[in-house]
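Visitor: kindly generate the corresponding structure for this input.
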Amino acid sequence: MSTSELACSSVRCKVNCAASWKVLGLQHVDLIAPEAYPRFTLIRQAWGSLLLGLEALRLMVPEVYIDTTGWAFPYPIAKLAGSRVACYVHYPTVSTNMLGRVWSRQPMYNNDEAVSGSSLRSLLKVLYYQAFAVVYGMAGACADAVMVNSSWTAGHVRQLWWSWEEPQLVYPPCDTSDLQSLPLDRRLKHLFLVSVAQFRPEKNHRLQLEAYAMAREQAAAKDANWRNSPVLVSSLKMVGSCRGPDDEARLAQLQQYAQQLGIGDAVEWHVNVPYAELKQLLGGAVGGLHTMLDEHFGISVVEYMAAGVIPIAHNSGGPRADIVVDTETDGAPQRTGYLAETKEEYCAAIKAVLEMDQRDRLRIAAAAQRRAATMFSTERFHQAFMQAVSPVLPKQS
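Guide: Below is the predicted model:
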């Protein structure tokens, strides 16, 4: 089977797509793989993206060059070759948030302690990021049509790119129609929370375990009879996938940490589960945890809402700006979930969801599901995407 035929077989298409499109395979996609560059990752990936763009343009110079990788550095070359450039940015390659964390010497998964612990190294890294941001902004200015997946991403693109083009907000296509078929009512005798995320460092599963442990500790202090406490009879189901040995080691560390926190018996681990099992878990959960800082969008949060699971999401990025947003019901504001940042805030939200009256829970779950169905559907994506790229598409005679 050819590359084009293989691609067509995996894409739902309402027309005979094999007759209208062709796939040209790129041989050097490893040039933008972050694991290939343990040091100076950004600049080496940027150079790799430039070479990869050149490879694509050698194969064919299109009328319209549409990029969805987020690497803006080939745009000037595509423009010089005669193409009109459109892009869909999921995550800015560098952001003002990244600069701020390095400047404040805040250790994180992408700012190790060897750098954050040294004022000189932090200064050098800030200068490196700032120089990179200037080049990134100049390259992004070559795009004729700019689409972004969230208001958070749009804000950073406006700050960084030297462009007069206003980014067009195009939410990702979230096909949640299957999840929306799940009943909103839950079996409250088997209360549980769910967390759906790959076992990667930026997902911050440790914060989820700490907040849940704090909630159980506070509930036990309030009422020693665990049967009287919705928090103490509940469980937390951690659902995720492992990409390789590093993730597997991280998972083992999390399981050990849950034991150290005294919640080992209350936490279940569901690793690399099939979709049918994930759907079943979402169909029974009352709340869903999300703890990633500055998630550019947050599809897992949308999936929670579509399934009738009340989201407890990080108060940053796409979840705050676009997803867990109050709606209006009968002229009054209606909550669609909870936002939190600290362990204490997550603990309070966990207790609120688990101890919530059934009528209140159904009201929030219904509002969340309506928002997921109307704002983030595949149909809405199609309409917004075509509207954004139409100015650069060839004019039909």
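Visitor: so, low pLDDT: which residues of this protein?
Guide: Applying pLDDT under 70 to the chain flags residues 1-20, 97, 99-118, 188, 224, 226, 397.
Visitor: look through it and tell me its longest helix.
Guide: With secondary structure taken from DSSP state H, the chain has its longest helix at helix 119-140.
Visitor: quick check: next helix or strand after that one?
Guide: strand 145-148 (DSSP states H and E).
Visitor: just the strands in the protein please.
Guide: 64-67, 84-89, 145-148, 168-169, 192-196, 235-240, 267-271, 287-289, 310-314, 327-329, 332-334, 338-340 (DSSP state E).
Visitor: before we move on, the earlier item: show me which residues of the longest helix of the chain are buried.
Guide: Ser122, Lys125, Val126, Tyr129, Phe132, Ala133, Tyr136, Gly137, Met138, Ala139, Gly140 (16 or more other CB atoms under 10 Å). C-beta here means a position set from N, CA and C on the backbone, and glycine is covered the same way.
Visitor: roughly how far does the third one sit from Phe132?
Guide: Per CB to CB, to the nearest Å, Val126 is found 11 Å from Phe132.
Visitor: cool, Ala72 as well?
Guide: 11 Å.
Visitor: what do you get for Pro172?
Guide: With CB to CB as the criterion, Pro172 and Phe132 are 26 Å apart.
Visitor: ditto for Val233
Guide: For Val233, the distance to Phe132 - CB to CB - is 51 Å.
Visitor: how many neighbouring residues does the closest residue to Phe297 other than its chain neighbours have?
Guide: Counting by CB to CB, 6 or more residues apart in numbering, the nearest residue to Phe297 once its immediate chain neighbours are dropped is Gly318, at 4.0 Å. Applying other CB atoms under 10 Å, we find 26 residues neighbouring Gly318.
Visitor: same question for Trp269.
Guide: 14.
Visitor: quick check: closest non-adjacent residue to it.
Guide: For Trp269, the closest residue by CB to CB, 6+ apart turns out to be Met238, at 5.2 Å.
Visitor: would you confirm that the one you found contacts Gln198?
Guide: No. The criterion here is CB atoms under 8 Å, and Met238 misses it with Gln198 at 11.2 Å.
Visitor: these two: who's more crowded?
Guide: Using other CB under 10 Å as the criterion, Met238 and Gln198 rank with Met238 on top: 24 against 14.
Visitor: which residues touch the more buried one?
Guide: Contacts for Met238 (CB atoms under 8 Å, 6 or more residues apart in numbering) come out as Ser195, His205, Gln208, Leu254, Val267, Glu268, Trp269, His270.
Visitor: and of the residues you listed, the nearest to Gly287?
Guide: Ser195 (9.6 Å; CB to CB).
Visitor: so what's the one residue sitting closest to the centre of the chain up against?
Guide: The residue lying closest to the centre of the chain (CA atoms, centre = their mean) is Gly298, at 3.6 Å. Going by CB under 8 Å, 6+ apart, Gly298 touches His290, Met292, Ala313, Gly317, Gly318, Pro319, Ile323.
Visitor: do I have it right that Leu393 meets Val64?
Guide: Yes. Under the criterion of CB under 8 Å, Leu393 makes contact with Val64 at 6.2 Å.
Visitor: I'd like the distance between the nearest residue to Leu50 once chain neighbours are set aside and Thr291.
Guide: Nearest residue to Leu50 in three dimensions, chain neighbours excluded: Phe73, at 4.7 Å (CB to CB, 6+ apart). Separation of Phe73 from Thr291 (CB to CB): 32 Å.
Visitor: repeat for Pro201
Guide: 12 Å.
Visitor: same question, Ala332
Guide: With CB to CB as the criterion, Ala332 and Thr291 are 30 Å apart.
Visitor: out of those two, which sits in the busier spot?
Guide: Thr291 (24 against 8).
Visitor: contact partners for that one?
Guide: Listed by CB under 8 Å, 6+ apart, the contact set of Thr291 reads Lys203, Asn204, His205, Leu207, Gln208, His314, Tyr346.
Visitor: most neighbours of all the residues you listed, which one?
Guide: Ranked by the number of neighbours (other CB under 10 Å), those place Tyr346 first, at 27 neighbours.
Visitor: so who does it touch?
Guide: So Tyr346 contacts Leu207, Gln208, Ala211, Leu289, Thr291, Ile312, Ala340 (CB under 8 Å, 6+ apart).
Visitor: identify, from those, the entry nearest to Thr153.
Guide: Thr291 (19.5 Å).
Visitor: burial check on Ser95, number of neighbours?
Guide: Neighbours around Ser95, by other CB under 10 Å: 21.
Visitor: my read: it touches His156, true?
Guide: Yes. Ser95 is within contact range of His156, at 4.7 Å (criterion: CB under 8 Å).
Visitor: next, count neighbours for Thr329.
Guide: Counted with other CB under 10 Å, Thr329 comes out at 13.
Visitor: who's in contact with it?
Guide: Arg363, Ala367.
Visitor: okay, and the beta partners of it?
Guide: Ala332 (DSSP bridges).
Visitor: skipping its backbone neighbours, what lies nearest Ser150 in space?
Guide: In space, Ser150 is closest to Gly318, 3.8 Å off (CB to CB, 6+ apart).
Visitor: mind listing what Ser229 touches?
Guide: Contacts for Ser229 were tallied using CB under 8 Å, 6+ apart; they are Ala219, Ala220, Lys222, Asp223.
Visitor: my error: substitute Asp144 in the last question.
Guide: By CB under 8 Å, 6+ apart, the residues touching Asp144 are Arg84, Val85, Ala86, Glu165, Pro391, Val392.
Visitor: where's the fifth one relative to Ala366, distance?
Guide: Counting by CB to CB, the separation of Pro391 from Ala366 is 38 Å.
Visitor: the two - which one has more neighbours?
Guide: Higher neighbour count among Pro391 and Ala366: Ala366, with 15 against 11, using other CB under 10 Å.
Visitor: next one: the more buried one from Pro173, what distance?
Guide: From Ala366 to Pro173 the distance is 23 Å (CB to CB).
Visitor: before we move on, back to that, who touches both of Ala72 and Phe132?
Guide: Thr93.
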